[in-house]
Structures are given as C-alpha cells and as structure tokens.
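Q: pasted the sequence and its predicted model underneath.
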Amino acid sequence: MINLMASTAKKECDKQRWRARREVMPGFPRTEPITTAEELREYRSGDRIQCLLCGKFFKALSRHIEPIHEVTVEEYHRMYGLPWSRGLTSDETHEKKSAVLKRRIEAGEWDPTANSPPLDEIRKNTERERFPVHDDIVRKECLSKTPTHKGEDTRIWREEHYDEFLRRIASGRTRIEVCSDPDMPRFTAMIEKLRGDPDFRNRYDKIRWTFPYGVQVRTGGLGPKFDEELKSLLDLGLSHQQCAEILGVHKTAIFTHAKRIRG
C-alpha cells in the first residue's frame with residue numbers, strides 16, 4: 001500500500017514538473033526578431049539568457065528549446081535573427097566556458113583541431129544569411145568609432161566582425177586585402193586574434209587551405225597537404241624549380257619546405 005502511494009505521488013510530481021517545464025509566461029512566445037546591437041547586448045547580458053518562446057531564464061538554451069519546444073538551435077537563430085557566430089548562452093556563461101577551454105588548450109588537455117567540422121560545414125557556416133542585427137553591430141560598433149590621429153585603432157571588434165572576415169577570406173581575398181576594408185579589423189588586430197584564438201585560427205586555416213598553393217602563400221602560409229605533395233615530388237627526384245612549376249609557387253617556398261621535410 002505504501003509503495004502504491006509513493007508511486008502515485010511520484011507520477012503526480014512528474015506531471016507537475018512536465019507542465020511547469022512547458023508553461024509559457026505571459027507575453028510569450030515573442031514574434032519579432034532582435035534587430036539592434038543594443039537589444040542583442042541586453043538579451044545576452046547577465047548570468048542567464050531568456051527563452052523567447054516561453055519567457056523562462058536559463059544559462060544556455062540549447063538543451064531547453066529542442067526537447068521542450070521542438071525547435072532546433074538553427075531554427076531559433078533564424079526565428080530571432082541571432083548571429084551565427086555565438087551560441088545561445090548568456091555573457092557570463094559564454095565567458096566561463098571560453099576560460100575553461102583556453103585553460104584546457106594551454107594545459108594540452110584538448111586539441112581544438114582534433115574534432116574540427118568538415119570543410120563543407122565550415123563553408124556552409126560562412127555563407128549563412130546575415131540578419132539585420134549583424135549589420136547594425138557593424139554600423140554602430142565599428143564605423144561609429146574611427147582610428148586616432150596616431151594611427152591607433154580604437155574600434156571594438158566582436159565575433160560578428162571576425163565571422164564576416166572569414167566570409168571575405170572564403171571569397172579568395174588575402175587577409176591584408178580584407179583588413180584594408182574600412183569595416184574590418186586592422187591587420188595587427190587580426191594577427192592577435194589568430195594567435196590568441198585557436199578555434200578561430202583553425203576555421204581560418206580550413207578555409208584557406210582549399211585555395212591553390214599560390215594563393216595560400218599570400219594568405220599566411222602553406223598547409224600540410226602542400227608538404228605531402230612536395231615530398232612525393234622530391235621522392236621522384238624532381239628539382240626545386242620543377243616542383244615550383246608544378247605546385248604553382250616560387251622556388252623559395254619549395255626550398256624552405258623541402259629543408260623542413262628533410263629535417
């Protein structure tokens with residue numbers, strides 16, 4: 001009898017929990033997308049982020065919206081015009097996760113390139129549609145501030161700007177060319193980003209390593225596939241000049257990489 005009462009009470013408790021998780025607060029779901037940089041900053045601020053479908057607050061939304069609202073993360077991004085370069089987390093949660101990942105990378109506990117997404121997926125991400133909030137961020141946070149008279153760049157660069165940088169690199173332009181655009185970070189700022197953000201560096205390399213070797217040289221160096229093909233040609237007994245003509249690069253690049261390959 002006691003077990004039956006306990007089982008009944010548990011079932012009733014589960015029902016109440018199920019209803020509570022699916023309860024929608026007054027004024028929700030929101031029907032309008034986020035369109036301004038100020039609204040986006042306010043939406044992400046704090047230690048929790050609000051679900052715009054039901055009005056409740058969470059540290060991250062990905063584990064909430066799919067089982068409860070049957071909406072994928074990608075669909076949620078499109079519904080509310082949220083930039084693709086950032087997950088559905090609050091600022092505080094995003095900063096904590098980033099700090100943990102950086103510590104793991106520095107300690108050698110995690111290799112960000114080990115499980116990198118396929119190249120087709122990277123290209124798909126860089127070619128995704130832009131939302132009004134992205135253009136507003138670029139306009140208000142980038143172009144509203146100009147370099148000082150000493151040449152120092154005082155503008156604020158966010159993930160949306162670096163995401164746009166990758167889009168332009170994917171079109172075949174070099175980083176110097178893209179960094180010359182008035183709405184892009186300067187070359188020195190981009191170098192710091194590439195050195196300090198392994199995940200961004202991996203995305204950048206994945207894109208540029210699909211270019212012809214002659215273009216790769218101009219975009220920051222040659223990828224591992226170049227060394228493999230060069231080694232094969234050298235093993236066949238070809239000269240540096242012949243390798244350069246076949247691979248489409250200058251002979252000095254062949255000399256440098258050949259020296260590294262042979263140790």
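A: Ah, there it is.
Q: neighbours of residue 74, how many?
A: Residue 74 is flanked by 10 other residues according to other Cβ atoms under 10 Å. Where C-beta positions appear, they are placed from N, C-alpha and C, glycine not excepted.
Q: no, scratch that, I was asking about residue 57
A: Neighbours of residue 57 using other Cβ under 10 Å come to 12.
Q: that one: what's it in contact with?
A: When contacts are counted by Cβ atoms under 8 Å, 6 or more residues apart in numbering, residue 57 touches 48, 49, 50, 51.
Q: pLDDT wise, what is the last one at?
A: Just to be clear, that refers to residue 51. Note on residue 51: pLDDT of 93.
Q: was I right to think it contacts residue 61?
A: Yes. The pair residue 51 / residue 61 is scored as a contact, 5.6 Å apart, by Cβ atoms under 8 Å.
Q: and which of the contacts of residue 57 is nearest to residue 83?
A: Distances from residue 83 to the contacts of residue 57, taken as Cβ to Cβ, are shortest for residue 49 (13.9 Å).
Q: once you drop chain neighbours, what's closest to the closest one?
A: Using Cβ to Cβ, 6 or more residues apart in numbering and skipping residues adjacent in sequence, the residue nearest residue 49 is residue 90, 4.2 Å away.
Q: so what's the residue count around the closest residue in space to residue 159 that isn't next to it in sequence?
A: Take residue 159 and drop its neighbours on the chain: the residue closest to it by Cβ to Cβ, 6+ apart is residue 85, 4.1 Å away. By other Cβ under 10 Å, 17 other residues sit near residue 85.
Q: contacts only, for residue 85.
A: 159, 160, 162, 163.
Q: by neighbours, which of those wins?
A: residue 160 (24 neighbours).
Q: so it sits right up against residue 41, yeah?
A: No. In this structure, residue 160 is not within contact of residue 41 by Cβ under 8 Å, at 11.8 Å.
Q: show residues contacting stretch 24-33.
A: 52, 53, 54, 55, 56, 79, 80, 81, 131, 132, 133.
Q: quickly check those residues for the two that are furthest apart.
A: Spanning the widest gap among the contacts of stretch 24-33 are 56 and 132, at 25.8 Å by Cβ to Cβ.
Q: which one of those two has more residues nearby?
A: residue 56 (17 against 12).
Q: so, low pLDDT: which residues of the stretch 101-250 of the chain?
A: 111-130, 134-155, 218-220 (pLDDT under 70).
Q: gap between the residue sitting nearest the centre point of the chain and residue 201?
A: Closest to where the C-alpha atoms of the chain average out (Cα atoms, centre = their mean) is residue 85, at 4.6 Å. As judged by Cβ to Cβ, to the nearest Å, residue 85 and residue 201 stand 15 Å apart.
Q: how about residue 89?
A: Taking Cβ to Cβ, one finds residue 89 at 22 Å from residue 201.
Q: those two: who's more crowded?
A: Using other Cβ under 10 Å as the criterion, residue 89 and residue 201 rank with residue 89 on top: 19 against 16.
Q: that one contacts residue 64, correct?
A: No. Using Cβ under 8 Å, residue 89 is not in contact with residue 64, being 11.5 Å away.
Q: report the set of residues contacting both of those two.
A: By Cβ under 8 Å, 6+ apart, no residue touches both residue 89 and residue 64.
Q: can I assume residue 183 sits in a strand?
A: No. Secondary structure assignment (DSSP: H, G, I helix; E, B strand; the rest coil) places residue 183 in coil, not in a strand.
Q: okay, now it: neighbour count?
A: Count around residue 183 with other Cβ under 10 Å applied: 11.
Q: can you pull out the strands in the protein?
A: Assigned by DSSP state E, the chain shows strands spanning 49-50, 57-58.
Q: could those go into CSV alongside distance to residue 230?
A: Shown next, in CSV, are those (distance: least, Cβ to Cβ, whole Å):
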stretch, distance to residue 230
strand 49-50, 49
strand 57-58, 51
